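**Q** Sequence and predicted model, in that order:
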Amino acid sequence: DLIPLESGDVSGNPEAVQMSEYAMKLANIQTQTVGNGSGERELRLNGKVTVDERIAYTQSTHVPGRIERLMVNFTGEEVKRGQALAVVYSPELITAQEELLQAYAIRSSQPELFEAATQK
């Protein structure tokens, strides 16, 4: 059987809930008056602080130059075959590439020069 609601108006708010003292104790509800006190609280936690690898990184290269952009940001990031890992700028690599392209054009007349450029 349904028990009709008593006419105890809860300030006209349809979302308000009203409970008796006994019902509040059964539901384990606790209330506290909000005051003007400080909202600060000290909380001590155990843990370890580590560097975020996504924003701090170093990479050694085998050629002089610099890494312009790094596409892999942290240890354990999944990479696929053929995926670009970094964009590197190196004046020595650019010079070596130009020499190789020039030696490629004359490879039939000077195969030794082409081989030396390929090794470089």
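**A** Ah, there it is. Residues are numbered from 1 along each chain as shown.
**Q** All the helices of this structure, residue numbers only.
**A** Assigned by DSSP state H, the helices in the chain fall at 21-26, 91-105, 111-119.
**Q** hey, least reliable of those helices by pLDDT?
**A** Among these, helix 21-26 has the lowest mean pLDDT, at a mean of 86.
**Q** Show me the shaky parts of this structure.
**A** Within the chain, the segments meeting pLDDT under 70 span 1-12, 14, 57, 59.
**Q** Nearest residue to the middle of it?
**A** By C-alpha atoms, centre = their mean, the chain has its centre lying nearest to Arg54, at 6.0 Å.
**Q** quick one, what contacts Thr31?
**A** By C-beta atoms under 8 Å, 6 or more residues apart in numbering, Thr31 lies in contact with nothing. No exception for glycine: its C-beta is placed from N, CA and C like everyone else's.
**Q** Use 18 as the first number for this chain going forward.
**A** Renumbered: residue one is now 18, and that last one reads Thr48.
**Q** what about it, distance to Met36?
**A** Distance of Thr48 to Met36, given as C-beta to C-beta, to the nearest Å: 11 Å.
**Q** try Ala113
**A** Distance of Ala113 to Met36, computed by C-beta to C-beta: 81 Å.
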